[in-house]
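Student: Quick one: sequence and predicted model below, then my questions.
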Amino acid sequence: MRIRFMVRLALAVGGVSALTMSAQAGGLTPVPSANTKVAGFTRPNVLSPELAEIIQAQGSSALENPTASNPYYGYDGDGPMVPAPGDVQTTTHNVEATKTEPDKNTYLVLDQASGADPNYDYGHRFLFQGHELGANDASFISRINLDADGAHRVTLLADHDSSGAPIAPIDGSTWDPFAKRLLFTTEDPGVASVYQATLDVPSTVDDLTFAFGHGGYEGIQNDSSGNLWIVEDQGGAAGAVNKHAKQPNSFIYRFVPKDKTDLSKGGKLQVLQLQSLANPGQPIVFHDGQADADILSQDVKDLHSYGKMFPAKFITIHDNATDGTASFDANALAKAAGGTPFKRPENGVFKPGSRFTQFFFSETGDTNALTEAGSDFGGFGGVFKVILTRAGGDSGFVTLLYKGDVAHTGFDNCSFLTANDVVFVEDAGDGLHSQRNALDSAYVLDVRLDFSNPANQPVRILAEGRDTSATLDSALGALGGGFQNEGDNEITGFHVSDGDASVNGVLGAKVPLPFVLGWRVFYTQQHGDNITWEIVPAQPFGLLGILQGIGD
């Protein structure tokens, strides 16, 4: 009833021209090709014609409460935004400021929120980020105030945790409505792994590594039981023979809190274990010192074959109640306990309407066109589906949804756009961009499709370009000298949400309705100018196409 009503509303707004639109990807016309990479040339972003994008913040946006180290949204205070003519990078001198690289986006609608200015009304709609890089390995947490004017547009929430330690570079984020805290993860296993942060300004940030352990954590996502699913991105060793391929080395974790309303009380950390089809009764595990054997193993090939179902379960590897709060290496414990490693999984999300029994996660792969693993052994990664027997349960199955290839690889962050359409974006990296002469793209995958059929392919809805700053940084990086900033732009933080901060708003609890009833779509064009975009309908009929896709 609701969908039909919204379709009638869209028809009234958009007119009959909507009926001629493509039915692919929930009503979005595919972008035919990726942007090419050409030295010294910039490229504009290209979106499906039904979509447009507007800037919500960019690297040069001044923080309303700056510090000497963090004066801007996307630039630290250790240099100029643009190199001076003739300036030369050295290991002790930066020709330009370190780019902070705002990463994952978390959108919330709040009844009230404080800010740096006690006399200003900041409105109700906010976009939160942790920043992936920073000078001296220090980062910060920011908030884009979507209802605010320019002077109050971006707020620094925190740059130190509650112990006074600088915040480490951040990769993942989410809102935990049970604990009422923002959660941030870090990809470096040598630093704090998970932070929780309050919503006020300044934010109180607590290090939860005692409970989650040290790991190369990136994606983090609640389920309806208050558990936290964590996707690890930690690259493995290259093979001695297969020199362009890497050993599967990262895990899917689940944290079961002792008290879901207070994560500081600790809990249990679990790892996902899959049963081998090649060796019945045995789990698929990591083999220490056997990179080449694992890279081309039958188990890895089976994992990247369509139509195979792997029995799976979560096993506990650490429990604060019995193991205490001493520091521990989550990756090492996962290996020792027989967890199943993957080739750099990075992010995951629950399917709306699945009652939190279906979880889809990306696998980045080797990000090298020369990988000896190829598609059949996961060299180009893909998308996997976890199917639990019940929400919050310990057992189920894992199967491959999509096997990557050189043109569709480096899959990173993700978000469901409609009930059945999930968006995965690429982070292929500068090297692979050059190898395939193609920059990154965002793709929609209809999870109902059988991708073993060559006729079924992901639908590109965004061909990312390369802005002027990223083009310059790519050239500076090639010169060496210790240049610290990344080159080509990267798509990150693709996020579809209505901002519901209650437990009913956990991602996956509701079917998304992009552009209506408060649902909004964001992503960050990381590196270069560090622009955070909001995607909007290009014209009213774009709204109908999305709604038609939802109703399919």
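Tutor: Happy to help now that I have it.
Student: So which other helices or strands are in contact with the strand or helix carrying Asn347?
Tutor: Of the helices and strands defined by DSSP states H and E, Asn347 is found in strand 345-350. Judged by 3 or more C-beta pairs under 8 Å, 6 or more residues apart in numbering; DSSP states H and E, the packing partners of strand 345-350 are strand 217-222, strand 228-232, strand 358-363, strand 411-416. (Glycine included, C-beta is placed from N, CA and C.)
Student: okay, those in JSON lines with mean neighbour count and mean pLDDT next?
Tutor: Formatted as JSON lines, these follow (neighbours: other C-beta atoms under 10 Å; pLDDT from 0 to 100):
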{"stretch": "strand 217-222", "mean neighbour count": "26", "mean pLDDT": "98"}
{"stretch": "strand 228-232", "mean neighbour count": "27", "mean pLDDT": "98"}
{"stretch": "strand 358-363", "mean neighbour count": "26", "mean pLDDT": "98"}
{"stretch": "strand 411-416", "mean neighbour count": "27", "mean pLDDT": "97"}
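Student: who wins for proximity to Pro352 among those?
Tutor: strand 411-416 (5.5 Å; C-beta to C-beta).
Student: what element comes up after the closest one heading to the C-terminus?
Tutor: Next element after strand 411-416 (DSSP H and E): strand 421-426.
Student: Run the angle between that next one and strand 345-350 for me.
Tutor: Angle of strand 421-426 versus strand 345-350, following axes from the mean of the first three to the mean of the last three C-alpha atoms, to 10 degrees, is 170 degrees.
Student: which neighbours does strand 421-426 have in its sheet, and in what orientation?
Tutor: Strand 421-426 pairs in its sheet with strand 411-416 (antiparallel), strand 441-446 (antiparallel), by DSSP bridges.
Student: which other residues reach whichever helix or strand comes after it?
Tutor: As assigned by DSSP H and E, the chain's next helix or strand after strand 421-426 is helix 429-436. Here helix 429-436 makes contact (C-beta atoms under 8 Å, 6 or more residues apart in numbering) with 37, 367-370, 406-407, 409-410, 428, 439-440, 474, 477, 486-488.
Student: let's see it at 6 Å
Tutor: By C-beta atoms under 6 Å, 6 or more residues apart in numbering, the residues outside helix 429-436 that reach it are 37, 367, 369, 406, 439, 487-488.
Student: Which of the residues in that helix are classified as buried?
Tutor: 429-430, 432-436 (16 or more other C-beta atoms under 10 Å).
Student: repeat for stretch 272-279
Tutor: Neighbour-count burial for stretch 272-279 [16+ other C-beta under 10 Å]: 272-277.
Student: what about stretch 367-374, how long is it end to end?
Tutor: End-to-end distance for stretch 367-374: 11 Å, by C-alpha to C-alpha, to the nearest Å.
Student: still on that earlier bit, can you redo the helices and strands packed on strand 345-350 as a markdown table with distance to Pro537?
Tutor: Output for those, formatted as a markdown table (distance: least, C-beta to C-beta, whole Å):
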| stretch | distance to Pro537 |
| --- | --- |
| strand 217-222 | 27 |
| strand 228-232 | 31 |
| strand 358-363 | 25 |
| strand 411-416 | 17 |
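Student: of all these, which lies closest to Ala321?
Tutor: strand 228-232 (17.1 Å).
Student: What strands line up against that closest one, and which way round?
Tutor: With DSSP bridges as the test, strand 228-232 pairs up with strand 217-222 (antiparallel), strand 252-257 (antiparallel).
Student: and the angle for whichever helix or strand comes after the last one with strand 358-363?
Tutor: Reading on from strand 252-257 to the C-terminus, the next helix or strand found by DSSP H and E is strand 267-274. Between the direction of strand 267-274 and that of strand 358-363, the angle (the same axes, to 10 degrees) works out to 80 degrees.
Student: Any chance you could list what contacts strand 267-274?
Tutor: 211, 251-258, 283-284, 310, 312-319, 334, 338-340, 398.
Student: Give me the subset of those lying in helices.
Tutor: With DSSP state H as the criterion, helices contain 211, 334 from among those.
Student: Do a quick rundown of the strands in the stretch 401-550 of the chain.
Tutor: With DSSP state E, counting those that start in this stretch, the ranges of strands along the stretch 401-550 of the chain come out as 411-416, 421-426, 441-446, 459-463, 490-497, 520-526, 531-537.
Student: what packs against the last one?
Tutor: Read that as strand 531-537. strand 51-57, strand 520-526 (3 or more C-beta pairs under 6 Å, 6 or more residues apart in numbering; DSSP states H and E).
Student: Given the strand ranked longest in the chain, what are its sheet partners and their directions?
Tutor: Of all segments of type strand in the chain, defined using DSSP state E, the longest is strand 309-319. In the sheet, strand 309-319 lines up against strand 267-274 (antiparallel), strand 395-403 (antiparallel) (DSSP bridges).
Student: Send over the shortest one as PDB, restricted to the C-alpha atoms.
Tutor: Output of strand 267-274 as PDB, limited to C-alpha atoms (Å, rounded to 0.1, in the frame of the first residue of the first chain):
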ATOM      1  CA  GLY A 267      31.700  -9.100  25.800                       C
ATOM      2  CA  LYS A 268      32.700 -11.900  23.500                       C
ATOM      3  CA  LEU A 269      34.600 -11.600  20.200                       C
ATOM      4  CA  GLN A 270      33.700 -14.300  17.700                       C
ATOM      5  CA  VAL A 271      35.000 -15.300  14.300                       C
ATOM      6  CA  LEU A 272      33.200 -16.800  11.300                       C
ATOM      7  CA  GLN A 273      34.300 -20.300  10.400                       C
ATOM      8  CA  LEU A 274      33.400 -22.100   7.200                       C
END
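Student: residues in contact with stretch 152-171?
Tutor: Counting by C-beta under 6 Å, 6+ apart, 57, 61, 63-65, 70, 73, 103, 115-116, 120, 130, 132-134, 138-145, 184-187, 191-192, 201-207, 218 sit against stretch 152-171.
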